[in-house]
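> predicted coordinates and the sequence they were generated for:
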Amino acid sequence: MANEFEDEIRNEVFSDKLNYFFKKYKKIIILVSIIIISIPVCLQFYLFFQNQKKQTLLSEYLKAEVMIDTNEDQENAIKILKKLGKENSDTISVLSLGKLINYYIEKGDREAALEFIRSYKLNSNKEIFKELKTIKEVILNFENLNEDKILNLLKVNNDTIFKIIKNKLLIDFYIKNKQFNKADQIKKQL
């Protein structure tokens, strides 16, 4: 019987402690519960709206691409592509840059394409996009470059994924300028 009494007292003490704890920290417990529940919900909303934004940007890009390809309202398409190039989406920004460069090249306006590449500010801090931009500039301006300029633009080093492309551009440059010894030296490095 003494054990039953002790158990009952322990249960009541535990219950009282639990009630006291809940009363004392009621607001904090409710607040933490709300935060724990609301964080995943807010995250889902955020991801949903980010996805919607990406879909909208892609839709606008595809619309502009079709407009340029079908000669449908090219001025408006160019405006859309330039606007998309300033977005924070790496993919859409680079696609827009590429499409505009192709448009200028197809129209036979290499100077406009070069000027566009030089003035275009990529919103990405990723080195890969900057290197792609530089390679496009070298290819478009290949006939007018001197050795110092092409070496400065390409800056071939061993830690870039574009090393082979840059070296091949240098080889082509040296062959074009009949500097076969330099071309052979670079070929040996590959």
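Yep, that arrived.

> now residue 172. Its backbone dihedrals?
phi -60, psi -40 (degrees, to the nearest 10).

> next up, the contacts around it.
residue 142 (Cβ atoms under 8 Å, 6 or more residues apart in numbering). Yep, even glycine has a C-beta here, placed from its N, CA and C like the rest.

> likewise the one 5 residues further on?
Contacts for residue 177 (Cβ under 8 Å, 6+ apart) come out as residue 147.

> also residue 101?
Per Cβ under 8 Å, 6+ apart, neighbours of residue 101: 113, 116-117, 136, 140.

> of these, which is the most crowded?
residue 113 (22 neighbours; other Cβ atoms under 10 Å).

> any idea how far that residue lies from residue 31?
58 Å (Cβ to Cβ, to the nearest Å).

> from residue 146, how far out is the residue nearest to the spatial centre of the chain?
By Cα atoms, centre = their mean, the chain has its centre lying nearest to residue 90, at 2.7 Å. Taking Cβ to Cβ as the criterion, residue 90 is separated from residue 146 by 32 Å.

> next: residue 160.
Taking Cβ to Cβ, one finds residue 160 at 22 Å from residue 146.

> which one of the two has more residues nearby?
Neighbour count, other Cβ under 10 Å: between residue 160 and residue 146, residue 160 has more, with 15 against 10.

> in three-state terms, label that one for me.
coil (DSSP: H, G, I helix; E, B strand; the rest coil).

> mean confidence (pLDDT) on stretch 85-95, please.
Averaging pLDDT along stretch 85-95 yields 81.

> just the buried residues of that stretch, please?
85, 87, 89, 92-95 (16 or more other Cβ atoms under 10 Å).

> for that stretch, how far is the first residue from the last?
This stretch, stretch 85-95, spans 8 Å end to end (Cα to Cα, to the nearest Å).

> and if you look at stretch 65-85?
OK, stretch 65-85 end separation, Cα to Cα: 13 Å.

> buried residues in it?
Buried residues in stretch 65-85 (16+ other Cβ under 10 Å): 65, 67-68, 77-78, 80-81, 84-85.

> out of the residues you listed, which is nearest to residue 21?
Of all the buried residues of stretch 65-85, residue 21 sits closest to residue 84, with 56.2 Å by Cβ to Cβ.

> quick one: secondary structure of that closest one?
Residue 84 ends up helix, using three-state DSSP.
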